[in-house]
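In: following is a predicted model, sequence given first.
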Amino acid sequence: MNNEAIKELLYKMADDLLILGHRNSEWTGMGPLLEEDIAFSSMAQDKVGQSLALYQLLHQLGEQDPDTVAFTRNAGQFHNAIITELPNAEYDFSLVRHFLFDTADALRWQMLTRCAYTPLAQLAAKVRGELRYHTLHANTWIKKLGSATDESVSRLQHSLDELMPYALGLFEPSPYEADLIADGLFQGEAVLQQRWLAAIESVLAPTHLQLPDVVLIAPVVGGRQGQHSPHLQPLLDEMSEVFKIDPAAEW
Amino acid sequence: MVHSLDPRVGRLPTIGTPGMVVPKVPLDQLGTFEVFVQPKEGKPFQHEGIVHAPDLELAYVLAKETFTRRFTCTSLYVVETRHVYVSPTTEGGVSVAAVLPAITGPDGEPLSFELFMLPKRGKQHVHIGTVMATLPQEAMHRGFQQNLHGGKTVYNLWAVRTTDIRFTTPEEKELWLTLPEKKFRDAAEYKGGDKLKAFLEKQRP
Amino acid sequence: MYGGGNTFEGIKNDGLAQENPEKLAAFEARIARGEKIEPTDWMPQLYRKQLIRMIEQHAHSEIIGALPEGTWITRAPGFKRKMALMAKVQDEVGHAQLLYSAAETLGKSREQMIDDLITGKSKYSNIFNYPTFTWADCCFISWLVDAGAIVNQLANAKGSYGPYCRALDRICAEESFHLKYGHHCVIYLATGTAKQRAMFQEALNRWWPPLMHFFGPSDKISAHTEILMRWKVKMSSNDDIRNQFLDMYVPKIWELGFTIPDANLKKNEETGKWEYTEPDWEEFKRVINGDGPCNKERLEVRRIAEERGRWVREALKSPESAYVMPLA
């Protein structure tokens, strides 16, 4: 089994989840409804928790411990897709991002339940309940707001149009794509993207939202190779502000 | 922009005029739904509180994290508050059974009702069973006839039509799969005793 | 997180003359028997009014209290702290949700309460009008402000109003994690590097006076509350709660080798009461009336959050659902 390929897969998943979990946690105490504030925070906690579990697998494969990996790397060493690092803007943006990302994330984990690398397959089986909630939450909200008032529909549509190129960046192929498929680790980004598109379409179909034509969109890629938007480094600086006061200290 | 030590606050957009509050319109917080949770397999569902939501499905979604993120849970359901029929509340050892007039519903197809009793003032309503009846009050009466309350004093009784409830589906049972593993929310996970002891011993002259 | 205090100003008992004497007697007898009051029961107007006021202030304290700690979510050092703080601040929002619901059973809607918060008409715990400069300030709140709140909340959970007691039982169960987590954080600072220790000592110096205020004005100067004690709305005097807190936590702070910034603080072994420098109640009044370091920011952040959420709530309104007072 190609360890480098597995590590690359684990890193990009873990980084996606950490960065988006961090972004979504910024809403805590500022959400549009108390109940939604709580739900959104829980899903952010799930994401950070899943990223920790993945960093622990990486640690078992010889990488540094999760805190060091998460709190001391620079933007150029992160493999998250750019969609996860974009600032929060308004709630429509965060909700649409949650819908686009979590749909892909849930499908990715589902595919990984058959991963030949057993620890990852086991983790995938374990988190399925969390992902079921994330997609139930996202789909219910998108269906509701996507057919409600003119304002809610136009806000969601605007965010959907803005985010689609970034969402497609989630499926930026790995340099190890062929190895991952050959070794039975992962069926590959192309298959994932196809399934994702079908899932997105079926949720949007009963709403007033229009799915942009993906053929005409240039995906925003580069995140998987460490090429990020200007938003990631400030996020990381903030995240590690206390940790870096003394990285050797126990907090 | 608000000047703040809080980086999140520094990122907030400007909206409206500082200090100017646009009053909320009535019902800004939406409808009301009652939430029931089953803490363990085999245990009865108990009332945990309410959520405000626009419809039954979103109420279910919001209730899940509002009420089942911290303590053990195997299942959850919600019902709109206006669909809950409420008996009079009694006190001082008098049971609702004693004050509820017997009533027989009209002829017709009986419906399924869920019954919830308040075993003591200040405690939570607990599910006691399902009965068939044509009217809610008849359902309550039948509940007593069938001794679903186990002979206990009932201080208040709720009846809900089964079809008005958004239940957890069998596939959704996995929603709580990782709940016991979320140790970071568990008091028992924060034991500082050893570190403290070592520190105190080092301080000793 | 709520410590009581400033809740029961200006109580006039004359209103009671207009209440039905038989109903009033039955109501008081029920409380004297130790039975809880439920929302559909008859209750004196004064009882309803003071309960709404108290539960609402408690709810506001939770939602505003989420801000000074919430600011550290994005900066918490390491996975363990980051996840715990996310869950802890989320709980505070959850407590607000529970408490607003309990107050709603008395007939005031959540939107009305939130409006009254933002306009400054109703109050919240004074302590959240102070800024959290460092990670240690955040740890101070998680441990000691929550500890103070728990002392108060455990007392209030024995009160007479059913929905408030149910909410508090749940809240207290959740707070045990907050308290342990907070203490854990402080133990790590205390046993850590010199810099970490200094961080906490500085936080303690900053936060001690507001913490003494947290339990409310001294009994010598606070409003007349006998009737509220009899009705089990207020369960202990401010000074009793403050004393209980000092009894439980001063030894724990000293154990860690920190200095509490009050040279007069000591336990009088004869009376069993703690003696301390009288807190500056003029400052307390000034801050509660809007002139604290963060009052404006807190309310402005809440106002912006509500404004930003407006389109969501408008989109969700539908004839399908209806507002009804919660049942319990």
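Out: That came through fine.
In: phi, psi for residue A:28 please.
Out: Dihedral pair for residue A:28: phi -60, psi 120, per degrees, to the nearest 10.
In: once you drop chain neighbours, what's closest to it?
Out: Computed as C-beta to C-beta, 6 or more residues apart in numbering or on different chains, the closest residue to residue A:28 that is not its neighbour in sequence is residue A:41, at 4.7 Å. Bear in mind the C-beta positions are built from the backbone N, C-alpha and C, glycine included.
In: pLDDT score for the one you found?
Out: Note on residue A:41: pLDDT of 98.
In: OK, contacts around it?
Out: A:24-25, A:27-28, B:65, C:86-87, C:89-90, C:93 (C-beta atoms under 8 Å, 6 or more residues apart in numbering or on different chains).
In: list the buried residues of the helix or strand hosting it.
Out: According to DSSP states H and E, residue A:41 maps onto helix A:34-60. If you call a residue buried by 16 or more other C-beta atoms under 10 Å in any protein chain shown, then helix A:34-60 has these buried ones: A:34-58.
In: try stretch A:195-215
Out: Buried, per 16+ other C-beta under 10 Å, within stretch A:195-215: A:195-197, A:199-200, A:203-204, A:207, A:209, A:211-212.
In: residue B:142: how many residues sit nearby?
Out: 20 (other C-beta atoms under 10 Å in any protein chain shown).
In: that one reaches residue B:136, doesn't it?
Out: No. Counting by C-beta atoms under 8 Å, residue B:136 is not a contact partner of residue B:142; they are 10.6 Å apart.
In: quick one: the helices in the stretch 151-300 of chain C?
Out: Ranges of helices within the stretch 151-300 of chain C are C:162-190, C:194-214, C:226-230, C:238-255, C:281-286, C:295-316, based on DSSP state H, counting those that start in this stretch.
In: buried deepest among those, which one?
Out: Most buried of the helices of the stretch 151-300 of chain C by mean neighbour count (mean count of other C-beta atoms under 10 Å in any protein chain shown) is helix C:162-190; its value is a mean of 23.
In: for it, the distance to its chain's centre please.
Out: Chain-centre distance of helix C:162-190: 12 Å, with C-alpha atoms, centre = their mean, to the nearest Å.
In: that helix to helix C:238-255, inter-axis angle?
Out: Orientation of helix C:162-190 against helix C:238-255 (axes from the mean of the first three to the mean of the last three C-alpha atoms, to 10 degrees) gives an angle of 20 degrees.
In: tell me what helix C:162-190 is packed against?
Out: Counting contacts by 3 or more C-beta pairs under 8 Å, 6 or more residues apart in numbering or on different chains; DSSP states H and E, helix C:162-190 packs against strand B:46-53, helix B:193-203, helix C:45-70, helix C:79-104, helix C:135-140, helix C:146-156, helix C:194-214.
In: closest residue of chain C to chain A?
Out: residue C:309 (2.8 Å; C-beta to the nearest C-beta).
In: just checking, that residue touches residue A:32?
Out: Yes. Assessed by C-beta under 8 Å, residue C:309 is found in contact with residue A:32 at 2.8 Å.
In: name the residues contacting each of these two.
Out: With C-beta under 8 Å, 6+ apart, residue C:309 and residue A:32 have common neighbours residue A:91.
In: what's the neighbour count on residue A:175?
Out: 11.
In: what secondary structure does the residue nearest to it when sequence neighbours are not counted sit in?
Out: Distances taken as C-beta to C-beta, 6+ apart place residue A:8 nearest to residue A:175, at 7.1 Å, with adjacent residues excluded. Three-state call for residue A:8 (DSSP: H, G, I helix; E, B strand; the rest coil): helix.
In: so how far is chain C from residue A:8?
Out: Separation of residue A:8 from chain C (C-beta to the nearest C-beta, to the nearest Å) stands at 22 Å.
In: contact partners for that residue?
Out: Counting by C-beta under 8 Å, 6+ apart, residue A:8 has contacts A:79, A:174-176.
In: where's it relative to chain B, distance?
Out: Taking C-beta to the nearest C-beta, one finds residue A:8 at 26 Å from chain B.
In: tell me the pLDDT of that residue.
Out: 97.
In: sorry, back to before: save the buried residues of stretch A:195-215 as a markdown table, and put in secondary structure and pLDDT too.
Out: As requested, these are arranged in a markdown table below (DSSP: H, G, I helix; E, B strand; the rest coil; pLDDT from 0 to 100):
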| residue | secondary structure | pLDDT |
| --- | --- | --- |
| A:195 | helix | 98 |
| A:196 | helix | 98 |
| A:197 | helix | 98 |
| A:199 | helix | 98 |
| A:200 | helix | 98 |
| A:203 | helix | 98 |
| A:204 | helix | 98 |
| A:207 | coil | 98 |
| A:209 | coil | 98 |
| A:211 | coil | 96 |
| A:212 | coil | 96 |
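In: would you mind listing what in the stretch 101-250 of chain C touches chain A?
Out: C:135, C:185, C:188-189, C:192-193, C:195-196 (C-beta under 8 Å from any C-beta of the partner chain).
In: which among those gets closest to chain B?
Out: Set against chain B, the nearest of those by C-beta to the nearest C-beta is residue C:188 (7.1 Å).
In: correct me, but that closest one touches residue A:251?
Out: Yes. Using C-beta under 8 Å, residue C:188 is in contact with residue A:251, at 6.0 Å.
In: shared neighbours of these two, anything?
Out: Common neighbours of residue C:188 and residue A:251 (C-beta under 8 Å, 6+ apart) are residue C:196.
In: how many neighbours does the closest residue to residue C:298 other than its chain neighbours have?
Out: The spatially closest residue to residue C:298, leaving aside those adjacent along the chain, is residue C:64, at 5.2 Å (C-beta to C-beta, 6+ apart). Counted with other C-beta under 10 Å, the neighbours of residue C:64 add up to 26.
In: so for residue C:64, what's the pLDDT?
Out: 97.
In: that older thread, the residue nearest to residue A:175 and residue A:224: what is the separation?
Out: 8 Å (C-beta to C-beta, to the nearest Å).
In: please enumerate the shared neighbours of the two.
Out: With C-beta under 8 Å, 6+ apart, residue A:8 and residue A:224 have common neighbours A:79, A:174.
In: show me where chain B has its helices.
Out: B:7-10, B:56-68, B:96-99, B:136-145, B:193-203 (DSSP state H).
In: rebuild these as TSV, extending it with mean pLDDT.
Out: TSV is the format used below for the helices of chain B (pLDDT from 0 to 100):
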stretch	mean pLDDT
helix B:7-10	89
helix B:56-68	98
helix B:96-99	95
helix B:136-145	96
helix B:193-203	89
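In: who's in contact with residue A:28?
Out: A:37, A:40-41, A:44, C:66, C:70, C:73, C:86, C:89-90, C:93.
In: same question, residue B:200
Out: residue C:255.
In: likewise the one 3 residues further on?
Out: Contact analysis of residue B:203 by C-beta under 8 Å, 6+ apart lists residue C:257.
In: just to revisit the earlier point, check contacts around the residue of chain C closest to chain A.
Out: A:31-33, A:91.
In: residue A:98 now?
Out: Shown in contact with residue A:98 (C-beta under 8 Å, 6+ apart): A:24, A:40, A:43, A:134, A:137-138.
In: mind doing that once more with 6 Å?
Out: residue A:138 (C-beta atoms under 6 Å, 6 or more residues apart in numbering or on different chains).
In: distance of it from chain C?
Out: Counting by C-beta to the nearest C-beta, the gap from residue A:98 to chain C is 14 Å.
In: pLDDT at that residue, what is it?
Out: With respect to pLDDT, residue A:98 has a value of 98.
In: equivalent analysis for residue A:172, please.
Out: 97.
In: pretty sure residue C:35 sits against residue B:121.
Out: Yes. Using C-beta atoms under 6 Å, residue C:35 is in contact with residue B:121, at 5.0 Å.
In: and the two? Which one has more around it.
Out: residue B:121 (22 against 19).
In: quick one, phi/psi of the more buried one?
Out: The phi/psi pair for residue B:121 (degrees, to the nearest 10) is phi -60, psi 140.
In: all helices for the stretch 101-250 of chain A, in order.
Out: A:118-126, A:128-145, A:150-168, A:177-182, A:189-204, A:232-239.
In: okay if I get the ones you listed as TSV plus distance to residue C:145?
Out: Formatted as TSV, these follow (distance: least, C-beta to C-beta, whole Å):
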stretch	distance to residue C:145
helix A:118-126	36
helix A:128-145	31
helix A:150-168	38
helix A:177-182	50
helix A:189-204	43
helix A:232-239	24
